[in-house]
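Peer 1: Okay, predicted coordinates and the sequence, questions at the end:
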Amino acid sequence: MIGQLRGILLFKQPPALILDVQGVGYELDAPMTTFYDLPKEGGELMLHTHLVVREDAQLLFGFSTENQRNLFRTLLKISGIGPRVGLAILSGLSVKEFRLCINGEDVLRLTKVPGIGRKTAERVILELRGKQLPGMSADEDVAVAGSSDEICTDAISALTALGYRAKDAEKVIGQLADQSESSEGMSSESLIRQALQAMSGGVR
């Protein structure tokens, strides 16, 4: 089991990234709560990892905190929750927000996550209610300047990769771009985060 990797960030395009560890490039998928903490490409990075082995593939997932990884592992134990849905949950909700959803039995908020229907949301709450969940951690944006067109395109691509319909992603990103006086200097991670909050109905 690969539990941790430290190396140089070569590439990042939500939800995928490549980490160079002593000349070996590891391809990983990561939730947006991890992307908010990533350095610029070329920067050093340490990730907590989880390896999913299947008959046809070996999938490696990376997380900036142990709490994120622990929650991911907890979600995988629930019937009907696979790696992609677990990644989507951690992209739309921080560890703290997820705990609040479970404690408050907020089915509606969970159903805003792609791949989570009402029955699945109710099952998640039923199975995790009253159980000790991973601790809370703060998620911070990392500002990476870029052109507005490139940032919007990256944000739309990330949202569709996370399971949202391209039409919905384009609409929300367009609205957020129009609301901003200028998207120059805005990071794609920041724009994606705002879009996820808008699409999930959350306010942070």
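Peer 2: Sure thing, it's come through.
Peer 1: same for the least confident helix or strand in the chain by mean pLDDT, what does it pack against?
Peer 2: For the chain, using mean pLDDT, DSSP states H and E, the weakest element among its helices and strands is helix 148-161, scoring a mean of 77. The contact analysis (3 or more CB pairs under 8 Å, 6 or more residues apart in numbering; DSSP states H and E) places helix 148-161 against strand 4-13, helix 166-179, helix 188-200. Quick note: C-beta positions are derived from backbone N, CA and C, even for glycine.
Peer 1: which SS class is residue 2?
Peer 2: Reducing the assignment at residue 2 to three states with DSSP: H, G, I helix; E, B strand; the rest coil gives coil.
Peer 1: Can you report how many residues lie near it?
Peer 2: Counted with other CB atoms under 10 Å, the neighbours of residue 2 add up to 14.
Peer 1: ok, now residue 26?
Peer 2: Residue 26 sits with 17 neighbouring residues when counted by other CB under 10 Å.
Peer 1: What residues does the spatially closest residue to it that is not a sequence neighbour make contact with?
Peer 2: Closest residue in space to residue 26, ignoring its immediate chain neighbours: residue 19 at 4.8 Å, by CB to CB, 6 or more residues apart in numbering. By CB atoms under 8 Å, 6 or more residues apart in numbering, residue 19 lies in contact with 5, 7, 8, 9, 10, 25, 26, 28, 45, 47, 62.
Peer 1: got TSV for the helices and strands packed on helix 148-161, with distance to residue 129 and mean pLDDT too?
Peer 2: Formatted as TSV, the helices and strands packed on helix 148-161 follow (distance: least, CB to CB, whole Å; pLDDT from 0 to 100):
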stretch	distance to residue 129	mean pLDDT
strand 4-13	31	96
helix 166-179	30	81
helix 188-200	20	81
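Peer 1: Among those, show me which one is buried the most.
Peer 2: Burial of those is given as mean neighbour count (mean count of other CB atoms under 10 Å); helix 188-200 ranks first at a mean of 21.
Peer 1: what packs against it?
Peer 2: helix 32-35, helix 83-92, helix 148-161, helix 166-179.
Peer 1: and if we set it to 6 Å?
Peer 2: The helices and strands touching helix 188-200, judged by 3 or more CB pairs under 6 Å, 6 or more residues apart in numbering; DSSP states H and E, are helix 148-161, helix 166-179.
Peer 1: Just want the angle from the first one to helix 188-200.
Peer 2: So the one you mean is helix 148-161. Relative orientation of helix 148-161 versus helix 188-200 (axes from the mean of the first three to the mean of the last three CA atoms, to 10 degrees): 50 degrees.
Peer 1: before we move on, back to that, the residue nearest to residue 26 belongs to a strand?
Peer 2: Yes. Under three-state DSSP, residue 19 sits within a strand.
Peer 1: change the start of the numbering to 29 and stick with it
Peer 2: That works, and once the first residue is 29, the last one we named lands at residue 47.
Peer 1: re earlier: how about the contacts of residue 47 in JSON lines, adding distance to residue 224?
Peer 2: Listed next are those as JSON lines, based on distance: CB to CB, whole Å:
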{"residue": "33", "distance to residue 224": "25"}
{"residue": "35", "distance to residue 224": "27"}
{"residue": "36", "distance to residue 224": "27"}
{"residue": "37", "distance to residue 224": "22"}
{"residue": "38", "distance to residue 224": "25"}
{"residue": "53", "distance to residue 224": "28"}
{"residue": "54", "distance to residue 224": "25"}
{"residue": "56", "distance to residue 224": "20"}
{"residue": "73", "distance to residue 224": "22"}
{"residue": "75", "distance to residue 224": "20"}
{"residue": "90", "distance to residue 224": "18"}
